[in-house]
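J.: below is the sequence, then the predicted model.
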Amino acid sequence: MNTLDRIAEIQKQALLLRLLKGAEILGRLWRDGGRCADPWGNGCPCGPKASEFCAVKLKWIGFAVEHYDGHPFGLKGDEPYYVIEAMTVGQFQATGLTAVVEIPGFDRPLRVGPKGTVWKTISDLGAIEDEVERAIASDAVLRLQEAGL
């Protein structure tokens, strides 16, 4: 590995720390009432009314795309909850937010996060033993729950 490759590797690793810190800031801003017209999508239509939340979200998206050399985890970029879906488990946990996971075939959504009623982390969904339940959980769609609910 030459020096330029090593520098690029170090810079890429630094992006992971920035993504983690950015996720933490997004969670804090959300709990403090920060919003965007497209809160978790890949973009910001707010224009001159853009909030601090908008700015941090866009910066976070930029870091994610740079780190993964494109959209992460097979995302297309047009998902309504793009930012949450682009987060790793650790990044989502850093937000401190609780998400509602709607699972097809279940009559009630699951709450995942600090105020979760079933599983405390998204990674717990991956620990489901039953193959049928695992297939259903893999089709889950994240819905971010309003802070305080």
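T.: Received the coordinates, thanks.
J.: ok, residues contacting the helix or strand that contains Lys57?
T.: Take DSSP states H and E as the rule and Lys57 turns out to sit in helix 52-68. Outside helix 52-68, the residues within contact range by C-beta atoms under 8 Å, 6 or more residues apart in numbering are 12, 15-16, 18-19, 22-23, 25-26, 29-30, 34-36, 39-40, 42-44, 46, 71-72, 82-83, 86. Yep, even glycine has a C-beta here, placed from its N, CA and C like the rest.
J.: so which of these are in strands?
T.: Among the contacts of helix 52-68, DSSP state E puts none in strands.
J.: any of these buried? List them.
T.: 15, 18-19, 22-23, 25-26, 29-30, 34, 36, 39-40, 42, 44, 71-72, 82-83, 86 (16 or more other C-beta atoms under 10 Å).
J.: hang on, the earlier thing: mind checking which of the contacts of helix 52-68 land in helices?
T.: 12, 15-16, 18-19, 22-23, 25-26, 29-30, 82-83, 86 (DSSP state H).
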